[in-house]
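Undergrad: no FASTA, just this:
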């Protein structure tokens with residue numbers, strides 16, 4: 001059989017029940033374990049005494065309230081109260097950027113938001129030095145200086161620098177957190193691109209669930225698009241995937257007790273030639289990615305072949321495979337939910353994970369988003385309580401796209417609907433009978449597992 005162990009980013013699925021730890025190799029997927037029980041936080045971790053962040057938040061709020069009051073009094077004491085950044089910059093001898101941030105910060109209702117938007121202690125000290133010569137009540141400036149000193153001390157004692165302090169504050173401000181994370185994710189993307197020497201513009205992972213030909217089983221169709229693969233270093237090695245290519249008999253399968261399936265092309269033929277059998281080059285925007293294959297016994301490892309360098313040398317890889325009667329149709333379950341995931345393994349500007357589910361599968365139930373850090377232990381099961389500490393907060397949400405392929409447009413990849421329609425036509429399925437869910441992430445973090453679980 002052709003058994004793929006990972007194509008430039010793992011894709012996996014699990015029906016959600018078993019008593020023993022299992023590893024089943026999947027085409028386009030990776031070993032995933034599953035055990036009974038949803039991850040739950042340790043109750044002891046939920047007690048107030050175990051949440052020192054509450055005391056810290058109260059301290060931050062107190063400093064923020066004092067800063068707001070004292071700085072506002074200084075502004076009111078200026079001969080001509082500034083109406084905008086330009087006038088404040090002239091009166092207080094500070095930059096336009098600092099003036100703008102100061103005015104916006106003092107306009108916030110939340111003292112934590114004020115602390116997030118304020119310029120740092122040094123620009124505030126410069127502002128107060130300039131204001132001291134024009135504000136008549138010197139006590140107003142003195143109190144403001146004390147508040148700025150408390151602000152500076154708070155930063156030094158908690159995180160050590162202003163940037164890290166803003167990162168801490170963002171945990172209490174969901175809207176700010178989104179902006180903060182987006183900026184940091186972009187920085188990580190740039191760093192990984194330059195260090196690894198490779199990235200892609202868009203990764204699209206799609207799973208389609210359809211009732212299998214065997215009662216109680218599900219078919220899984222997986223399509224994966226790596227668009228705009230870009231190599232900027234001549235020595236950058238880009239692993240694309242690993243396939244096991246061997247024919248297994250019924251006796252072999254019974255002996256291994258893992259009941260492996262034969263992955264198929266969309267034409268229903270066994271994909272015995274690995275990646276080459278499941279490529280859909282006609283849906284590439286750029287030239288199809290050249291691949292190099294190296295054999296290690298029954299394994300064939302694929303890597304990106306020569307591509308040249310620069311914007312004009314970008315290439316695409318589009319693949320699709322059909323796994324018949326792959327999963328047990330167990331239905332949603334809060335204790336042992338069926339779950340589906342993807343793990344980006346390459347720096348990417350944008351990732352889209354679509355789950356397209358037939359109306360007869362999990363009716364009336366929608367998926368829950370779970371994000372895991374896979375460092376150290378690999379892909380996580382949504383049923384493994386021991387992975388609860390690997391769960392990460394995420395500002396992203398699952399989009400409910402509804403039924404029909406027309407709702408699944410991707411502006412970054414106009415041919416996406418055409419690709420999926422081709423897939424449905426090949427399989428003889430009616431796309432109107434499916435509902436779709438999407439997670440879209442700008443600058444996804446390598447190694448973070450994006451999971452949709454039906455609880």
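TA: Thanks, I have the structure now. Quick caveat: nothing in here was measured; it's all calculated off a predicted structure. Numbering: from 1, shown residues only.
Undergrad: from now on I want contacts and neighbour counts done on CA atoms only, so please keep to that.
TA: Fine.
Undergrad: so where does residue 319 fall, helix or strand?
TA: Using DSSP states H and E, residue 319 falls within strand 315-328.
Undergrad: who are the packing partners of the helix or strand that that strand is followed by?
TA: Next along the chain after strand 315-328, taking DSSP H and E as the criterion, comes strand 339-343. With contacts defined as 3 or more CA pairs under 8 Å, 6 or more residues apart in numbering; DSSP states H and E, the packing partners of strand 339-343 are strand 10-14, strand 448-453.
Undergrad: mean pLDDT for those strands: which is lowest?
TA: Lowest mean pLDDT within the helices and strands packed on strand 339-343: strand 10-14, a mean of 62.
Undergrad: and after it, which helix or strand comes next?
TA: helix 53-77.
Undergrad: that following helix: which residues count as buried?
TA: Across helix 53-77, burial judged by 16 or more other CA atoms under 10 Å covers 60-61, 63-68, 70-75, 77.
Undergrad: run the chain-centre distance for that helix.
TA: 34 Å (CA atoms, centre = their mean, to the nearest Å).
Undergrad: before we move on, what about stretch 102-110?
TA: 31 Å.
Undergrad: before we move on, what about stretch 380-399?
TA: Centroid separation for stretch 380-399 versus its chain: 11 Å, with CA atoms, centre = their mean.
Undergrad: again with stretch 146-158
TA: 34 Å.
Undergrad: what mean pLDDT does that stretch get?
TA: 94.
Undergrad: need the contact partners of it.
TA: Defining contact as CA atoms under 8 Å, 6 or more residues apart in numbering, one finds that stretch 146-158 is touched by 60, 63, 66, 67, 70, 121, 124, 125, 161, 162, 165.
Undergrad: which member of those residues is positioned nearest residue 132?
TA: residue 125 (10.5 Å; CA to CA).
Undergrad: host element of that closest one?
TA: Here residue 125 is assigned to helix 121-131, by DSSP H and E.
Undergrad: which strands or helices does that helix pack on?
TA: Helix 121-131 packs on helix 85-92, helix 138-158, going by 3+ CA pairs under 8 Å, 6+ apart.
Undergrad: just put these in CSV and tack on distance to residue 313.
TA: Output for these, formatted as CSV (distance: least, CA to CA, whole Å):
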stretch, distance to residue 313
helix 85-92, 46
helix 138-158, 46
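Undergrad: residue 410: which of the ones you listed is closest?
TA: helix 85-92 (39.9 Å).
Undergrad: quick one: average confidence on stretch 282-289?
TA: 93.
Undergrad: follow-up on the earlier one: helices and strands around the strand holding residue 319, which ones?
TA: Strand 315-328 packs on strand 217-231, helix 275-278, going by 3+ CA pairs under 8 Å, 6+ apart.
Undergrad: give the other helices and strands that the last one contacts.
TA: What that stands for is helix 275-278. strand 315-328.
Undergrad: and with 10 Å instead?
TA: strand 2-7, strand 239-245, strand 291-296, strand 299-304, strand 315-328 (3 or more CA pairs under 10 Å, 6 or more residues apart in numbering; DSSP states H and E).
Undergrad: need the least confident one among those strands, by mean pLDDT.
TA: Checking each of those, the one with the poorest mean pLDDT is strand 2-7, at a mean of 40.
Undergrad: okay, domains of the chain per the record?
TA: Domain segmentation of the chain under automatic domain parsing yields 2-45+196-453, 47-175.
Undergrad: pick the most buried one from the ones you listed.
TA: domain 2-45+196-453 (a mean of 19; mean count of other CA atoms under 10 Å).
Undergrad: what separation do you get for the nearest residue to residue 213 once chain neighbours are set aside and residue 72?
TA: Leaving out its chain neighbours, the residue that sits closest to residue 213 by CA to CA, 6 or more residues apart in numbering is residue 325, at 6.7 Å. Remark: distance between residue 325 and residue 72 (CA to CA, to the nearest Å) = 67 Å.
Undergrad: mind putting the helices and strands packed on strand 315-328 into JSON lines with mean pLDDT and distance to residue 403?
TA: Conversion of the helices and strands packed on strand 315-328 to JSON lines gives the following (pLDDT from 0 to 100; distance: least, CA to CA, whole Å):
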{"stretch": "strand 217-231", "mean pLDDT": "92", "distance to residue 403": "17"}
{"stretch": "helix 275-278", "mean pLDDT": "80", "distance to residue 403": "27"}
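Undergrad: to residue 189, which of the ones you listed lies closest?
TA: Between those, strand 217-231 lies closest to residue 189; by CA to CA that is 13.0 Å.
Undergrad: chain center to the closest one: distance?
TA: That offset, for strand 217-231, works out to 16 Å (CA atoms, centre = their mean).
Undergrad: distance of the residue nearest to residue 415 when sequence neighbours are not counted from residue 148?
TA: In this structure, residue 415 finds its nearest non-sequential neighbour in residue 283, 6.9 Å apart by CA to CA, 6+ apart. Here residue 283 is placed at a distance of 58 Å from residue 148 (CA to CA).
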